[in-house]
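Q: this one's sequence-less:
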Ligand code: LLP
């Protein structure tokens with residue numbers, strides 16, 4: 001997929017770059033991002049809006065993968081940015097990302113984070129709860145700055161990958177509850193508050209969603225509210241933010257829609273509902289994370305030890321694992337992979353790919369068909385671009401991998417590999433007890 005192909009040496013090539021050479025040059029494990037694919041995805045989302053002539057913002061949900069270079073790419077692609085912490089906001093500032101296109105999420109933003117958002121004059125805070133509304137208003141007043149806000153609502157539509165369930169009684173840590181009527185109080189408070197400018201509402205129904213049904217239900221719920229608010233509070237949202245969650249294909253059996261189709265469907269129901277309710281068409285904002293960067297990422301590992309258990313299983317161990325990809329251990333997420341240095345060879349065996357962490361749950365892939373693999377072969381695991389590096393950690397004091405961007409036959413490093421010195425950078429020596 002993307003720009004991946006097999007060259008005449010039988011090596012996997014991404015973005016016109018030989019991955020075996022990348023592994024030699026930068027070491028393994030290594031995250032390789034196919035930048036052309038990120039551009040293509042951003043374009044698909046944006047075109048779907050342009051085609052319908054609907055005002056929009058496509059905000060990259062940066063939790064999926066954030067670093068200075070990624071934020072600079074997002075800026076170049078005309079994306080807005082969804083940040084969820086002071087750390088992500090700091091990275092955006094350092095990347096020179098235009099602050100008016102930054103949206104700040106989170107269910108427990110600290111006072112320092114809200115202050116940072118006000119100081120940076122970001123585009124919008126997605127307010128999650130009453131405490132935040134009150135404190136944001138206080139900080140804005142102190143700084144004589146009016147902040148644009150959206151209110152996050154829990155629409156009572158919960159998406160579970162292929163499936164969705166409509167929960168009458170919403171139980172989520174995020175957003176203003178609909179059933180108890182909290183959301184109405186929030187609108188009233190925000191409308192009366194001169195230090196916040198209520199632009200509209202936000203809902204996010206879940207992640208790795210393959211269907212449009214959940215989004216349609218969320219829009220319908222939102223319009224029920226909007227019609228009520230028009231009469232009760234004279235409030236008509238100018239922005240509807242429908243969140244992210246658009247699925248990608250990790251394995252053969254995954255069946256996401258093309259990126260633009262989610263948008264086209266959303267526009268269709270928002271248009272229909274706006275017309276029915278006699279309201280002007282709001283701006284539509286979305287927040288894709290995984291679908292922008294997920295399948296653009298590939299992780300290269302070196303294969304080390306093998307274990308053959310007769311009549312049971314063959315294990316192949318790689319030089320990373322749950323330290324650079326937590327998703328299999330955390331969500332039983334499934335991946336596919338190939339030998340990057342022998343990508344032209346037929347799969348004749350089945351191997352289970354183990355990580356190197358001291359934990360039985362550190363398995364990356366079960367029963368992967370591969371050619372007869374040996375020590376020092378390079379394993380490429382696909383679709384690791386979202387929530388891979390982002391959730392990487394130093395368990396077992398394993399340094400985090402390097403990250404490279406590849407495009408048009410060129411590769412450049414965007415995150416350096418951690419060194420052992422980095423691991424102890426914040427460690428302090430033990431203080432000796434003074435004994436008399
Ligand atoms: N907007 C909001 C408010 C979100 O909470 C999220 C994801 C997104 C947008 C982006 O969702 P996406 O388009 O990436 O699906 N670590 C998990 C995923 C957690 C998603 C959390 N929120 C994983 O690895 O599958």
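A: Looks like it arrived, so ask away. In this text, all values refer to a predicted model and were calculated from it rather than measured experimentally. Residues are numbered from 1 along each chain as shown.

Q: now do the strands in the stretch 1-150 of the chain.
A: Applying DSSP state E, counting those that start in this stretch to the stretch 1-150 of the chain gives strands spanning 5-6, 12-14, 17-18, 30-34, 56-61, 80-83, 102-104, 124-127, 147-154.

Q: which among those strands is found nearest to the ligand?
A: If you check each of these against the ligand by CB to the nearest ligand atom, strand 56-61 wins as the nearest, at 3.5 Å. Every residue, glycine included, has its C-beta placed from N, CA and C.

Q: give me the contacts around that closest one.
A: Contacts of strand 56-61 with the rest of the structure, by CB atoms under 8 Å, 6 or more residues apart in numbering, involve 42, 45-46, 49, 74, 78-82, 101, 103, 244, 283-290, 292-293.

Q: let's see it at 6 Å
A: With CB atoms under 6 Å, 6 or more residues apart in numbering as the test, strand 56-61 has contacts from 45-46, 49, 74, 79-82, 103, 244, 284-287, 289, 292.

Q: quick one: which of the residues you listed is most hemmed in?
A: The residue in these with the most neighbours, by other CB atoms under 10 Å, is residue 292 (34 neighbours).

Q: sec struct for that one, please.
A: Counting by DSSP: H, G, I helix; E, B strand; the rest coil, the backbone at residue 292 sits in helix.

Q: up against the ligand, what does the stretch 251-400 of the chain have?
A: 287, 288, 289, 290, 291, 327, 331, 386, 387 (CB under 6 Å from any ligand atom).

Q: is it correct that the third one is in contact with residue 246?
A: Just to be clear, that refers to residue 289. No. Using CB atoms under 6 Å, residue 289 makes no contact with residue 246, being 9.0 Å away.

Q: who are the packing partners of the one helix or strand residue 421 maps to?
A: Assigned by DSSP states H and E, residue 421 belongs to helix 420-423. If contacts are counted by 3 or more CB pairs under 6 Å, 6 or more residues apart in numbering; DSSP states H and E, helix 420-423 sits against no helix or strand.

Q: for it, the distance to its chain's centre please.
A: Helix 420-423 has its C-alpha centroid displaced from the chain centroid by 27 Å (CA atoms, centre = their mean, to the nearest Å).

Q: domains in the protein, as residue ranges please.
A: 5-34+296-423, 54-292 (automatic domain parsing).

Q: what about residue 172, neighbour count?
A: By other CB under 10 Å, 13 other residues sit near residue 172.

Q: specify the beta-bridge partners of the nearest residue to it once chain neighbours are set aside.
A: In space, and not counting its chain neighbours, residue 172 is closest to residue 154: 4.9 Å by CB to CB, 6 or more residues apart in numbering. Beta bridges link residue 154 to residue 177 when assigned by DSSP bridges.

Q: I'd say residue 154 and residue 179 touch.
A: No. Judged on CB under 6 Å, residue 154 makes no contact with residue 179 at a distance of 8.8 Å.

Q: these two - which one has more neighbours?
A: Remark: of residue 154 and residue 179, residue 154 carries more neighbours, 25 against 13, as counted by other CB under 10 Å.

Q: how near is that one to residue 145?
A: In this view, residue 154 and residue 145 are 28 Å apart by CB to CB, to the nearest Å.

Q: what strand or helix carries residue 338?
A: Secondary structure (DSSP H and E) places residue 338 in strand 337-339.
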